[in-house]
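[1] sequence first, then the predicted structure:
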Amino acid sequence: MRYSLAFKQSVLRKVLPPNEEPVQSVSKELGISENTIYLWLKKARNSTLEKDGEISPNRRGPKEKLRLLLEGMNVAEGKEGEWLRENGLHSEHLHQFEQEIRDIVLDKSEKQKETVRNLKQENKELKQELRRKEKALAEMAALLTLKKKASAIWGEKEDD
């Protein structure tokens, strides 16, 4: 899995002074292998962490896109450019992220409507089948009752 430069830096802030949390605890907390964190520490000391390759905006996941979009909306005026550069984005990316998230929500909404429609149809069919079976069962019960009464009145048929 690829991690953004900002995420790597936040992990390194935890394990470097002044926090100096143990690598093992940070590893368990974030679900990252210890070796990965040690590699990031080595690259940070060699000043090659920044050159490690930032994730392109199009390869980011929906959660990260939403986070960036919300974060970008709360950036103070005049600081937008700096914030965009820190996150490796252009202003067009925020508009693109917004549209992608809107499409995801609309698609999910349409899928839910389709699911509800299908479930209602299935429910209707099952109710019809249940009514049909109840009618057949009532008819069989009536026939059985009539047969018992007929045999009580006329007696059992005797074979000659």
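    Yep, that arrived.
[2] quick one: secondary structure of E77?
    State at E77, reduced to three classes by DSSP: H, G, I helix; E, B strand; the rest coil: coil.
[3] pull the number of nearby residues for T145.
    Residues lying near T145 (other CB atoms under 10 Å) number 10. From N, CA and C alone the C-beta is placed, and that goes for glycine too.
[4] please disregard the earlier target; I meant N87.
    19.
[5] could you point out which element follows the helix or strand bottoming out on mean pLDDT in the chain?
    Across the helices and strands of the chain, mean confidence by mean pLDDT, DSSP states H and E is lowest for helix 80-86: a mean of 81. Later in the chain than helix 80-86, the nearest helix or strand by DSSP states H and E is helix 91-154.
[6] packing partners for that following helix?
    helix 62-73 (3 or more CB pairs under 8 Å, 6 or more residues apart in numbering; DSSP states H and E).
[7] buried residues in the helix it packs on?
    64-66, 68-69, 72 (16 or more other CB atoms under 10 Å).
[8] same question, stretch 77-92
    Going by neighbour count (16+ other CB under 10 Å), the buried part of stretch 77-92 is 84, 87-89.
[9] what's the farthest-apart pair in those?
    Pairwise distances across these (CB to CB) peak at 8.2 Å, for the pair L84 and G88.
[10] report the residue ranges of every domain in this structure.
    Domain assignment for the chain by automatic domain parsing gives 1-55, 60-152.
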